[in-house]
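S.K.: The following comprises the amino acid sequence and a computationally predicted model.
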Amino acid sequence: MMKIYRTLDKQLTRADDMNEGVWICLTAPTENEVRQVATTLDIEPADLFAATDPEESARISLEDGYTLIIVDIPVKVSDAAEGVYTTIPLGILLTQQLIVTVCSADTPVIADFAACRVKGFSTRKKMRFVYQLLYRAATMYQQELRLIDRRRIAIEKNLSGDLRDSDLMELHGLESTLVYFATSLRANATVLDRLTRYKRLEQYPDDRDLLDDVIVEIRQAIEMTGIYRDDIKGTRELFSSILDNRMNTAMKYLTSITLLMAVPTVISGLYGMNVATEGMPFARTPAGFFIIILLTLITCIFAAWVLHKKHML
């Protein structure tokens, strides 16, 4: 889908032509839309298609007549648990007259600009627009990271109750998300570092200040990712320790019960053997059966008391 926007009197309006000062927004574009934009602006179609490839890495390249910037932005995984995200490329192409954004999905990073929820946004200020996009992407990373940490805390609260397989799978999903975030954020930081060195891109003092803010936000997001990864690793290790402890406790109780059950089993086995009754205590006593049962019960109670004193029962 292709939409063309233009800022007039601080209001974002739709436009029909690819003239100077417009923003061309391509979201999951068709091949015809890509080739139309590429032909009109003299852009390589491969550079437009690159942003729709989920395997494309973040990079910046200076081409003849335009600049290509590709960064990774977070997007929620469909049909996945809360807090599970992945990253997809966002392509930004800067020409002398206008700016083009390309993404394979509709994301809040683009939607916020299309809905005029970003202050000081103008399609004519191309570099500021780029930095505002990058700043919005960096803040989105931080928002999702906080959500991931809240999900980890919620899972951790279930440790005192029944541990479910779904909790472990969700924890694994959160950890995988942080791996994607860490990789993408480092690649985005490399792109920002190159932006500070390129003289070809016209920048104003306010733009430089905004770029510095973006770099600070990206670094903070990288630090948050590292901290939350360590937290999830600790939670996972805590899960394993609790499971091992519960297994040891269960085995301890089963062993104690087995020892208690062995007492009557051995006594009844001895009396059940095909031997002469003369050698068996209470064999000829009329109340011998009840005496044996009583002695067995007393022995079991004593064994249970000993196991309880040793914290095994």
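M.R.: Good, I have the coordinates.

S.K.: Packing partners of the helix or strand hosting Leu174?
M.R.: For Leu174, the element it lies in under DSSP states H and E is helix 165-195. On a contact count with 3 or more CB pairs under 8 Å, 6 or more residues apart in numbering; DSSP states H and E, helix 165-195 meets strand 59-63, strand 66-76, strand 85-95, helix 126-156, helix 205-272. Quick note: C-beta positions are derived from backbone N, CA and C, even for glycine.

S.K.: In a markdown table, list the ones you listed along with mean neighbour count, mean pLDDT and distance to Arg117.
M.R.: Output for those, formatted as a markdown table (neighbours: other CB atoms under 10 Å; pLDDT from 0 to 100; distance: least, CB to CB, whole Å):
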| stretch | mean neighbour count | mean pLDDT | distance to Arg117 |
| --- | --- | --- | --- |
| strand 59-63 | 14 | 87 | 26 |
| strand 66-76 | 22 | 90 | 16 |
| strand 85-95 | 21 | 90 | 17 |
| helix 126-156 | 20 | 89 | 9 |
| helix 205-272 | 14 | 83 | 17 |
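
S.K.: among these, which is nearest Ser176?
M.R.: Closest approach to Ser176 among the helices and strands packed on helix 165-195 (CB to CB): strand 85-95, 8.6 Å.

S.K.: how would you label Val102: helix, strand or coil?
M.R.: strand (DSSP: H, G, I helix; E, B strand; the rest coil).

S.K.: Tell me how many other residues surround Leu192.
M.R.: Using other CB atoms under 10 Å, the number of residues around Leu192 comes to 22.

S.K.: The closest residue to it other than its chain neighbours and Tyr131, how far apart?
M.R.: Closest residue to Leu192 apart from its sequence neighbours, by CB to CB, 6 or more residues apart in numbering: Ile215 at 5.3 Å. Using CB to CB, to the nearest Å, one gets 10 Å for the distance from Ile215 to Tyr131.

S.K.: if we can go back for a sec, report the buried residues of the helix holding Leu174.
M.R.: 167, 170-171, 173-175, 177-178, 180-182, 184-185, 187-189, 191-192, 195 (16 or more other CB atoms under 10 Å).

S.K.: got the angle for that helix vs strand 66-76?
M.R.: 160 degrees (axes from the mean of the first three to the mean of the last three CA atoms, to 10 degrees).

S.K.: Please state the offset of helix 165-195 from the chain centre?
M.R.: 7 Å (CA atoms, centre = their mean, to the nearest Å).

S.K.: that older thread, include distance to Ile293 when you put the helices and strands packed on helix 165-195 into JSON lines, please.
M.R.: Listed next are the helices and strands packed on helix 165-195 as JSON lines, based on distance: least, CB to CB, whole Å:
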{"stretch": "strand 59-63", "distance to Ile293": "84"}
{"stretch": "strand 66-76", "distance to Ile293": "67"}
{"stretch": "strand 85-95", "distance to Ile293": "66"}
{"stretch": "helix 126-156", "distance to Ile293": "50"}
{"stretch": "helix 205-272", "distance to Ile293": "9"}
